[in-house]
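Student: sharing a sequence plus its predicted fold:
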Amino acid sequence: MSQFACERGTQLLLKECGSHSWLKEACVLGIDEAGRGPVLGPMVYAAAYAPLSDDLSKKEFNDSKQLTERKRETLFSNIHKDMRMGYVSEILSAQYLSTCMLSRCKVSLNKIAEDSTVKIIQKVLDNGVSVTHVYVDTVGDPDRYQQRLSQRFPSLVFTVCPKADALYPIVSAASIVAKVIRDRSLVETQKMMSLEGELGTGYPHDATTVAWLKKNLHPVLGFPDLVRFSWETCARLLADQKAAAMTFEADSDGQNSELSQQERISFVSSTSPSMAESSGIDMADAGEVTTELTATQYVILAENQRKKKALADTKSQFHKVTDENKSLLKQLEDTQRENYEVTEFLRQELLQKTEKIAEMDAEIKRMAENKEEELRKLEELAAARETKLLTEAATRHRDMQARIDELYATLSAVMEYKNRQVEVEEEILHLKEENQELKERLEQQRVDLERYYLELNTKMRKEYEQRMEELKKSADEEIDERLDASVKRILQQNRRMAEELKIHVQETDVLQHEVRILEEERGRLMREVSLKSELESGYAKRGAKQSMAIKEAQAKIASLDQSMQQLMQEFDKERQAIMKNTQSQISDAQAEAEALRRLVKLKTRELKNVRRLAQEVLLQRSDVETFLLSSLHLVRKEIERGSLRPRSGPSFSKGSDAIDHNEGAGRLDIKELPWDDRERILRLLFAKVNNQQQHKAFSELPNHPLEPQTQGLHTDSGPAALV
């Protein structure tokens, strides 16, 4: 048979964890189901457990409905291989669910789920797992469900809430286990039963699932064992397909009727084909099945009547046994109620201690996380500050380096000018001397030219005047001699003189042009001299400014180097102080955590001792207590018997007033008290006996450092006083 296939009934699967040491640690348990709503296949309840100290949030657990099939298989394989995790699952077959829900004493699906949950928790505890906290995905009202589970397992802490598989990783792991086991069981059961066709999702609203149900519906045998035939979808399909109706007669169990009534019950059989053939059912006929009574059937009917009479006698005997069982259960309830009060008190104290231990563990973890977070923040702050200082220092260094390069370039230009200053000055001086000589030479040349032109002009004028005189004389002389010849000569001389004058004018223009050129050259040279003088003064001023800037830059560089060294020294000192402070805080936190761990271990041993002593208190019942319990039971019977007739005699309250008023009058006879007052007296006596024994056991225990003095035990008569 396959590991996951479950055709009928239930099947329990368990991952063996051996004798690992972590099973003795405080563990957390998560419970969830898969397949509650589908009409096909089983419903699987699974529980996953792991040490409380393990961080399950890193294992990517989530609600199985939110994961893909491949992801679920991978996570299930990881859970199966993980040596620090275990799981228990119960497969509830479709036939088992339908049988429970359609039996005469109908069992709801919520009740089936709750019974499976209790069974799984008990199985985990029987395997030696130290479970302290259980997380359950709710079935119905969370508060009522949690109350019922707490009453069944008073030593465990339960958390029941909707959507727990999406809130708590351990419940998500249980959801994954349940879903994977259900899927595998559905596939393997289908193969085992040789059922063909696509199943679909299995939910009633899935068209593929409904089509598969119609295809595999037999008119007489009904559905395969894979189908939950109690679902409304199946009943509707049976009515639509007109399946064969089988009728038989059965006696009703009504006790008030004089004659047993015959009721006709119709149902669709899920019997195998061989049984149908042995019962005479025609498999080919889907109509109403009817037969005629034969002699053999009359004999069978008589035998059935005899068996019915025997069954009635057995029922009568059963009712008697049931009444006796009720009385014994009532007596057991009285006994257990007294035990429950002591157990409840110890359980409450144990729960309080467990909660405080859990709070202390959470506080330790929180302090450790805070220390780690604070240390990480300090380291990040120091690293950021160091990076900032280094960045600022690098930026300042680059700026200063650029400034220094600029100053060095200026300084090199100044030094180059300084090196060439003598040559420039000599060149300027030489140019000045040349300019002066040129000025003097031009002045002398100008004077010479003026003198030359004046002398030439005077000479020419004299020569002209002399020639004019001579011409005038000769003209006068020749006028008389030859007027015509003289006139011609005068005209010729005039032409010759005009040409000479023209030549003199041209030479004068040339000389004036040379004078203008010389004047322009002189102005240009004067401008160059002034420009050289201005450049010399500008170079001198710039050199002075650059020398002053170089001195200031060198002083600033020296001060920045000094401040940089001082900042680095301060940063190293601050970092060392921070690291020293952090190390001291870490060591203090580790020491505190170690002390808290030792305290938790000590409290755990104390709680175990308290639990052992409480068990001893419950087991150590004396003969006096047994006598008192039997007396209480007898008194209750007398009260019940006396309630049927009128009470006579004074009540306990009035009798008590009379006793207090007539305390010295005489001794009170217990026989005169009514049964109610006798029950109260016995309860008071029983409470005092319990207080004496329990205080004797509890007096040996040391006082809990986290709790005030333990109060007296609570009984029906109220809390007992401390002794």
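Tutor: Ah, there it is.
Student: pLDDT of the longest helix belonging to the chain, averaged?
Tutor: Determined from DSSP state H, the single longest helix within the chain is helix 483-619. Taken as a whole, helix 483-619 has an average pLDDT of 81.
Student: secondary structure element holding the residue lying closest to Ser108 once chain neighbours are set aside?
Tutor: Of all residues not flanking Ser108 in the chain, Met101 sits nearest, at 7.3 Å (CB to CB, 6 or more residues apart in numbering). For the C-beta atoms, the positions are set from N, CA and C on the backbone; glycine is no exception. Assigned by DSSP states H and E, Met101 belongs to helix 94-102.
Student: send the alpha carbons of that helix over as PDB?
Tutor: Output of helix 94-102 as PDB, limited to C-alpha atoms (Å, rounded to 0.1, in the frame of the first residue of the first chain):
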ATOM      1  CA  ALA A  94     -13.600  10.900   2.200                       C
ATOM      2  CA  GLN A  95     -15.600   7.800   3.300                       C
ATOM      3  CA  TYR A  96     -14.700   8.400   7.000                       C
ATOM      4  CA  LEU A  97     -15.900  12.000   6.800                       C
ATOM      5  CA  SER A  98     -19.200  11.100   5.100                       C
ATOM      6  CA  THR A  99     -19.900   8.200   7.400                       C
ATOM      7  CA  CYS A 100     -19.400  10.400  10.500                       C
ATOM      8  CA  MET A 101     -21.600  13.200   9.100                       C
ATOM      9  CA  LEU A 102     -24.400  10.800   8.000                       C
END
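Student: other residues contacting that helix?
Tutor: Helix 94-102 has contacts (CB atoms under 8 Å, 6 or more residues apart in numbering) with 7-10, 40-43, 106-109, 112, 225-231.
Student: and that helix, average pLDDT?
Tutor: Mean predicted confidence for helix 94-102 is 83.
Student: likewise for stretch 636-651?
Tutor: Stretch 636-651 comes out at a mean pLDDT of 60.
Student: where along this structure do the strands fall?
Tutor: 10-14, 27-34, 43-51, 86-92, 131-137, 157-161, 246-251, 262-267, 714-715, 718-719 (DSSP state E).
Student: worst mean pLDDT among those?
Tutor: Looking at the strands of the chain, the weakest mean confidence is strand 262-267, a mean of 35.
Student: and stretch 68-88, what's buried?
Tutor: In terms of neighbour count (16 or more other CB atoms under 10 Å), stretch 68-88 has its buried residues at Arg72, Glu73, Leu75, Phe76, Ile79, Met85, Gly86, Tyr87, Val88.
Student: and Leu29, bridged to which residues?
Tutor: Counting by DSSP bridges, Leu29 is bridged to Tyr49, Val134.
Student: ok, it touching Leu125?
Tutor: No: in this structure, Leu29 is not within contact of Leu125 by CB atoms under 8 Å, at 9.3 Å.
Student: what do those two both touch?
Tutor: With CB under 8 Å, 6+ apart as the test, Leu29 and Leu125 both reach Val131.
Student: more neighbours: the two, which one.
Tutor: Applying other CB atoms under 10 Å to Leu29 and Leu125 shows that Leu29 carries more neighbours, namely 27 against 15.
Student: for that one, give me its contacts.
Tutor: Ala47, Ala48, Tyr49, Ile121, Val124, Val129, Val131, His133, Val134, Tyr135, Ile170.
Student: give the contact list for the last one.
Tutor: Contacts of Ile170 were listed using CB under 8 Å, 6+ apart, and they are Val28, Leu29, Gly30, Ala48, Tyr49, Ala50, Leu56, Phe61, Tyr135.
Student: and for Leu525?
Tutor: Asn435, Leu438.
Student: for Gly538, see how far away it is.
Tutor: Counting by CB to CB, to the nearest Å, the separation of Leu525 from Gly538 is 20 Å.
Student: same question for Glu373.
Tutor: Taken as CB to CB, the span from Glu373 to Gly538 is 67 Å.
Student: can you read off the backbone torsions of Thr68?
Tutor: phi -80, psi 160 (degrees, to the nearest 10).
Student: quick one: pLDDT of it?
Tutor: Looking at Thr68, the pLDDT reads 87.
Student: ok, Glu16 next?
Tutor: At Glu16, pLDDT is 65.
Student: same check on Ala697?
Tutor: pLDDT, Ala697: 51.
Student: returning to that earlier point: list the buried ones in the helix holding Met101?
Tutor: Ala94, Gln95, Tyr96, Leu97, Ser98, Thr99, Cys100, Met101.
Student: tell me how far the longest helix of the chain lies from the chain's centre.
Tutor: 54 Å (CA atoms, centre = their mean, to the nearest Å).
Student: next one: Asp165 relative to Ser64, how far apart?
Tutor: Asp165 is 7 Å from Ser64, by CB to CB.
Student: again with Phe223
Tutor: From Phe223 to Ser64 the distance is 27 Å (CB to CB).
Student: check Ser559 too.
Tutor: From Ser559 to Ser64 the distance is 71 Å (CB to CB).
Student: of those two, which one has the most company?
Tutor: Taking neighbours as other CB under 10 Å, Ser559 and Ser64 compare with Ser64 leading, 25 against 10.
Student: skipping adjacent residues, who's closest to Gly140 in space?
Tutor: Closest to Gly140 by CB to CB, 6+ apart is Asn110, at 5.2 Å.
Student: distance of the one you found relative to Gly35?
Tutor: The value you get for Asn110 to Gly35, if CB to CB is used, is 15 Å.
Student: quick one: which of these two has more around it?
Tutor: Gly35 (25 against 13).
Student: next, that one: phi, psi?
Tutor: phi 90, psi 40.
Student: what sits against Leu167?
Tutor: Cys161.
Student: check what pLDDT it gets.
Tutor: For Leu167, the predicted pLDDT is 87.
Student: try the one 5 residues further on
Tutor: Reading off the confidence values, Ser172 has pLDDT 91.
Student: what's the answer for Glu470, then?
Tutor: Listed pLDDT for Glu470 reads 80.
Student: run a quick neighbour tally on it.
Tutor: Neighbourhood size, Glu470 [other CB under 10 Å]: 12.
Student: Cys234 too?
Tutor: 20.
Student: do Asn216 as well
Tutor: 16.
Student: one more: Thr410?
Tutor: Thr410 is flanked by 18 other residues according to other CB under 10 Å.
Student: what's near enough to touch it?
Tutor: Taking CB under 8 Å, 6+ apart, one finds Gln546, Ala549, Ile550 in contact with Thr410.
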